[in-house]
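Participant: When you get a sec, could you give me coordinates for this:
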Amino acid sequence: MKSLRLLIPDLFLPQAQAADVLAGLRTPLLETMLARGTRTPLAAESLEAWLVDYFGAAAATVSARCDGLPAGCYLRADPVHLQLQRDKLILLPVGELLADEAESLCVELNCHFSEQGIAFFAPHPQRWYLRLEQEPAVSTVPLSLAFGRNTNNQLPQGEGAPRMIALLNEIQMSLFAHPLNQARDERGLLPVNSVWLWGNDSANSSVAVRNDAIYGDNPLLEMYARAMGLPCRPWQEKTAADSALLVWTDLSAALQNGDLYAWREALSVLETEILPPPWRDLRAGRLDKLALDLPTPHGACNVSLSRGDAWRFWVAGKPLANSGLV
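Facilitator: Below you'll find the model as predicted:
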């Protein structure tokens, strides 16, 4: 049985935004697929949460292993900038960060916390890790969902949250005075004045995943694919496979940059380049099943399509802004 699963995060905008952003834009193929498929709720609210559930392993564990770190208990501790806006602290990406800058900042953190049984690693300038002595009793928010938002609503939750929040405050104080951050500020770059702790959440499902091919360009997806022993190819290289997964993140990337025009452009690419080939394959019988997984932070759904669904010509689509989630 040939099947294709398309993971498309951030397809649906909040209702208050959707009407304005989608004004004058129609996506007839996408609208048809949403109307003719069978919808079910989806638990995952983000790309990261979906990958955790689908592959059955925590993001920090998988990425630490792929980045060559020794065995241990890890949280991602990615470098970020906190910007004070009135009474809110907004999380922003730090932009360009060199490997030696990341290493220097982690050396400072390791000196500061040398007696607390924790350690920081920066195998990649934008991918840092915190190694702990034991699993923290907290739930965390993926970095992609925290960007551009007030951090007060995104901090770790659970029994171990007070310790993690106190640790974050101490990290921020240690980084604030680092000469490297002063130099970055003088060059017009955002200082690295905090880290974002995430990636420890466990899977909500234990389904064994079997894929013959994986397509996408997201670094975390590539790490999960590597853990499965499969290559992760660009979506443009999509070929026939018995069971394939294609992850398309251009919509998410646009939202994380706060660029709604780029989001509209990405939606047009989805309509004209991503969706037509599998739709043609489904209608022609070259695919038996097509599944769309559509996670968003304000609700999510799965849309399942069979070949018969593709030929339900009497079922018409409706504008995306009015489609609803489930």
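
Participant: In contact with Ser104, which residues?
Facilitator: The neighbourhood of Ser104, defined by Cβ atoms under 8 Å, 6 or more residues apart in numbering, consists of His178, Leu180. Every residue, glycine included, has its C-beta placed from N, CA and C.

Participant: Quickly find the element holding Phe120.
Facilitator: For Phe120, the host element (DSSP states H and E) is strand 119-124.

Participant: In its sheet, which strands sit next to that strand, and in what direction?
Facilitator: If you go by DSSP bridges, strand 119-124 pairs up with strand 127-132 (antiparallel).

Participant: Going along the chain from the helix or strand hosting Ser144, find the next helix or strand for me.
Facilitator: Using DSSP H and E, Ser144 maps to helix 143-146. For helix 143-146, the following helix or strand on the C-terminal side (DSSP H and E) is helix 161-176.

Participant: What pLDDT is listed against the residue lying closest to Arg184 once chain neighbours are set aside?
Facilitator: Distance criterion Cβ to Cβ, 6 or more residues apart in numbering; nearest residue to Arg184, sequence neighbours excluded, is Pro191 at 5.2 Å. Pro191 carries a pLDDT value of 95.

Participant: Can you tell me the SS state at Pro191?
Facilitator: The local conformation at Pro191, judged by DSSP: H, G, I helix; E, B strand; the rest coil, is coil.

Participant: contacting residues around it?
Facilitator: Shown in contact with Pro191 (Cβ under 8 Å, 6+ apart): His81, Val94, Leu175, Phe176, Asn181, Gln182, Arg184, Asp185.

Participant: For the fourth one, grab the count of nearby residues.
Facilitator: I take that to be Phe176. The local packing of Phe176 (other Cβ atoms under 10 Å) involves 13 other residues.

Participant: Quick check: it vs Leu4, distance?
Facilitator: 48 Å (Cβ to Cβ, to the nearest Å).

Participant: One more: Val303?
Facilitator: 13 Å.

Participant: quick one: which of those two has more around it?
Facilitator: Set Val303 next to Leu4 and count neighbours by other Cβ under 10 Å: Leu4 wins out with 25 against 22.

Participant: part of a strand, is the more buried one?
Facilitator: Yes - assessed with three-state DSSP, Leu4 lies in a strand.

Participant: Just list whatever residues bridge to it.
Facilitator: For Leu4, the beta-bridge partners under DSSP bridges are Ala244, Leu290.

Participant: that older thread, got any residues that touch both of Val303 and Leu4?
Facilitator: Listed as contacting both Val303 and Leu4 by Cβ under 8 Å, 6+ apart are Ala291.

Participant: before we move on, what SS does Pro79 have?
Facilitator: Secondary structure for Pro79, judged by three-state DSSP, is strand.

Participant: which ones are touching it?
Facilitator: Counted by Cβ under 8 Å, 6+ apart, Pro79 has contacts Val94, Leu97, Ala102, Leu105, Pro125, Gln126, Trp128, Val192, Ser194, Val195.

Participant: Kindly recompute the last result at 6 Å.
Facilitator: For Pro79, the contacting residues are Val94, Trp128, Val192, Val195, by Cβ atoms under 6 Å, 6 or more residues apart in numbering.

Participant: Check His81 too.
Facilitator: Leu92, Val94, Leu190, Asn193.
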